[in-house]
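Peer 1: Need a 3D model of the sequence below.
(one chain, ligands or ions: 1)
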Amino acid sequence: MHEAEDLLRVENLVTRFKSVERGKWVTAVDDVSIRLAPGEMVGLVGESGCGKSTLGRSIVGLERPQSGRILLDGVDLSSLRGRALRETRRAIQYVFQDPYASLNDRQTIGETLTEALIIIGMTDREAQRRRVHTLLDQVGLPDALAERYPRELSGGQRQRVAIARSLAVEPRVLICDEPVSALDLSIRAQVMNLFLTLHKDLGVACLFIAHDLALVRQATSRTYVMYLGKIVEDASSAELYARPSHPYTQALLGSIPSADPRVEAHREPPPIFGDIPSPTNPPSGCRFRTRCPRAMEVCASGPPPRLALAPRHHASCVIAGDLYAHSHPEPHRLPMPA
Ligand SMILES: Nc1ncnc2c1ncn2[C@@H]1O[C@H](COP(=O)(O)OP(=O)(O)OP(=O)(O)O)[C@@H](O)[C@H]1O
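Peer 2: This next block holds a predicted model:
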């Protein structure tokens, strides 16, 4: 795909925090580049603390990156000011993990949605009322809910309202940060299906952040794998799940339970061990080397090369080429039956 076809492009983004741990710096996002085409649903996966939320928050302006560029339709956000910046930022909306924390409990659902409509200049009361009705309908909620307060709603209903509020400003990109993981297991699939329907019907591009790999496999066309601030592998989701070529991705996928009990019975334990190292003091060279079952001396000496394994499939590991060549779809990595 040519660069001109990217809707959102993040280039070499670096976001650091001063850590509470003796004032050291945490480079939560370290030289990360990602791309989203119009209407594309892309996954971002990795263990807790690897920097997924910080990347998402940096893209929408909730964190201030130290360096790098964020471009929407080829326009560098850092070149914009005032109204132009506000309007461009509005095209990228964030859906939080915790819908309760992201809604104002003193406002009814109708007021919350109307507030978003006023931001885009919709001031006519009747037009607002109709649009609130449409938005609630789009997220599968009855009109009567407009009069209710967030505390009167279930978790699933609140997340639907949060999604409706994001849609109210007609975004082109949604950054969905673990949007179903705080919900009861029984309603996760419903809210996930809502995302997929909206994505298909409205053509909004999504960066879907999750540590549930099965969910990402189902929902996305491409996936980025992140480890300790770095993207370590990216590919089409079909290819990534069939031919993972970074030892970290292989370990992550090894931890997906199989739908087939025969595969489960013979599955090797995942080769990942130990905890994620402190981001205030990451390992030299390849950051995964301290937990990698295939680590070699060379891995400590410098950052691994980012190897192109196939069109739009990259992995940052010295042996990624070999791992790719020897990979083959294993039964437990094939798509689960519907
Ligand atoms: N405001 C902050 N101040 C200091 N450190 C922070 C801040 N926000 C995040 N961090 C640190 O940055 C690193 C990345 O955190 P981040 O929340 O982005 O990871 P994550 O992959 O989204 O994890 P999770 O899945 O648990 O949300 C962590 O070490 C975290 O402690």
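Peer 1: Which other helices and strands does the helix or strand containing Leu198 contact?
Peer 2: Here Leu198, judged by DSSP states H and E, is contained in helix 185-202. Counting by 3 or more C-beta pairs under 8 Å, 6 or more residues apart in numbering; DSSP states H and E, the packing neighbours recorded for helix 185-202 are helix 155-168, strand 205-210, helix 213-219. Just so you know, the C-beta spots here come from the backbone N, C-alpha and C atoms, and that holds for glycine as well.
Peer 1: can the ones you listed go into JSON lines with extra columns for mean neighbour count?
Peer 2: Output for these, formatted as JSON lines (neighbours: other C-beta atoms under 10 Å):
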{"stretch": "helix 155-168", "mean neighbour count": "23"}
{"stretch": "strand 205-210", "mean neighbour count": "24"}
{"stretch": "helix 213-219", "mean neighbour count": "20"}
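Peer 1: Nearest approach to the ligand belongs to which of the ones you listed?
Peer 2: Checking the helices and strands packed on helix 185-202 against the ligand by C-beta to the nearest ligand atom gives strand 205-210 as the closest, at 6.9 Å.
Peer 1: Other residues contacting the closest one?
Peer 2: Identification of contacts with strand 205-210 by C-beta atoms under 8 Å, 6 or more residues apart in numbering yields 7-8, 34, 36-45, 52-53, 56, 59, 172-179, 181, 195, 199, 216, 219-220.
Peer 1: Restricted to buried residues, select those in PyMOL.
Peer 2: Paste this into PyMOL to select the buried members of those, with burial taken from 16 or more other C-beta atoms under 10 Å:
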select buried, resi 7+8+34+36+39+40+41+42+43+44+45+52+53+56+59+172+173+174+175+176+177+178+179+195+199+216+219+220
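Peer 1: can you tell me which of the contacts of strand 205-210 are up against the ligand?
Peer 2: 52-53 (C-beta under 6 Å from any ligand atom).
Peer 1: among the contacts of strand 205-210, which are in strands?
Peer 2: Using DSSP state E, the subset of the contacts of strand 205-210 located in strands is 8, 34, 36, 41-45, 173-177.
Peer 1: Tell me the one of those residues nearest Pro305?
Peer 2: Ile34 (18.7 Å; C-beta to C-beta).
Peer 1: if I look at the closest residue to the closest one other than its chain neighbours, how far off is the ligand?
Peer 2: In space, and not counting its chain neighbours, Ile34 is closest to Val10: 4.8 Å by C-beta to C-beta, 6 or more residues apart in numbering. Shown here: Val10 relative to the ligand, a distance of 14 Å by C-beta to the nearest ligand atom, to the nearest Å.
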